[in-house]
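# Okay, sequence plus prediction incoming.
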Amino acid sequence: MKQSNLTLIGMPGAGKSTVGIILAKTLGMGFVDTDLLIQLHQKKSLQQILDATDHLQLRAIEEREILNLELEHHVIATGGSAAYSDRAMAHLQSISTIVFLDVSYATLKKRINNFETRGIAKTAEQSFADLFNERQVLYRKYADLTFDGNRLNQDDLVAEIAASLLA
């Protein structure tokens, strides 16, 4: 691992939070979910923020939360839109190894049944397919490591990530 932290990026429904918690326990690290930090500091759910403002405001809040992270020995699960911010991603690259949990569109569609109310930072016109295609490029751009989240259950995925970090 190039840094003391590990950051998980990927689409909503990719398993960043679930895998992140298990990975942190497995590696004896702390865990931070930037979506939860946003909700804690804003005292609103992500969807409430979107309803009151727009996707660009949520992305700006997310960027600020990420830029304020000063952690060591943590697994960081980001929101799915973190990759839109070059500044946030540069900060994460400086403090962590970035792991992309790559999950297919078909798998995500099965996992997410609340696309319109989940608090996903997107334009009103954007479909889930549009968002998926747009974000894949960004995730691949920033990833130090990529793992296939389609073929493994969460425990096996954690074991594979942990093994690659410790190799």
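On my side now, so go ahead.

# Residue 26 is in what secondary structure piece?
helix 16-27 (DSSP states H and E).

# Following element in sequence after that helix, please.
Assigned by DSSP H and E, the successor of helix 16-27 is strand 30-33.

# so what secondary structure elements neighbour the following helix or strand past that next one?
Next helix or strand after strand 30-33 toward the C-terminus (DSSP H and E): helix 34-42. For helix 34-42, the packing partners by 3 or more CB pairs under 8 Å, 6 or more residues apart in numbering; DSSP states H and E come out as helix 46-52, helix 55-67, strand 74-77. No exception for glycine: its C-beta is placed from N, CA and C like everyone else's.

# Report the inter-axis angle for helix 34-42 versus helix 55-67.
Using axes from the mean of the first three to the mean of the last three CA atoms, to 10 degrees, the direction of helix 34-42 lies 100 degrees away from that of helix 55-67.

# what sits up against helix 34-42?
Under the contact criterion CB atoms under 8 Å, 6 or more residues apart in numbering, helix 34-42 has outside partners 17, 45-46, 49, 58, 61-62, 65-66, 69, 76-79, 82, 119.

# Scan these and report the most crowded one.
When neighbours are counted by other CB atoms under 10 Å, residue 82 leads the contacts of helix 34-42 with 30 neighbours.

# quick one: contacts for that residue?
Listed by CB under 8 Å, 6+ apart, the contact set of residue 82 reads 9, 34, 62-63, 66, 88-89, 92.

# Widest-spaced pair of these?
9 and 63 (14.0 Å; CB to CB).

# Of the two, which one has the most company?
Neighbours were counted for residue 9 and for residue 63 using other CB under 10 Å; residue 9 has more, 27 against 20.

# give me the beta-bridge partners of the more buried one?
Beta-bridge pairing for residue 9 (DSSP bridges): residue 100.

# now the closest residue to residue 21 other than its chain neighbours: how far from residue 24?
Spatial nearest neighbour of residue 21, excluding adjacent residues (CB to CB, 6 or more residues apart in numbering): residue 31 at 5.4 Å. Going from residue 31 to residue 24 by CB to CB, to the nearest Å gives 4 Å.

# which residues are common contacts for those two?
Common neighbours of residue 31 and residue 24 (criterion: CB under 8 Å, 6+ apart): 74-75.

# one step back: for the helix holding residue 26, name the packing helices and strands.
The contact analysis (3+ CB pairs under 8 Å, 6+ apart) places helix 16-27 against strand 5-9, strand 30-33, strand 74-77, helix 154-166.

# This completes my enquiry, with thanks.
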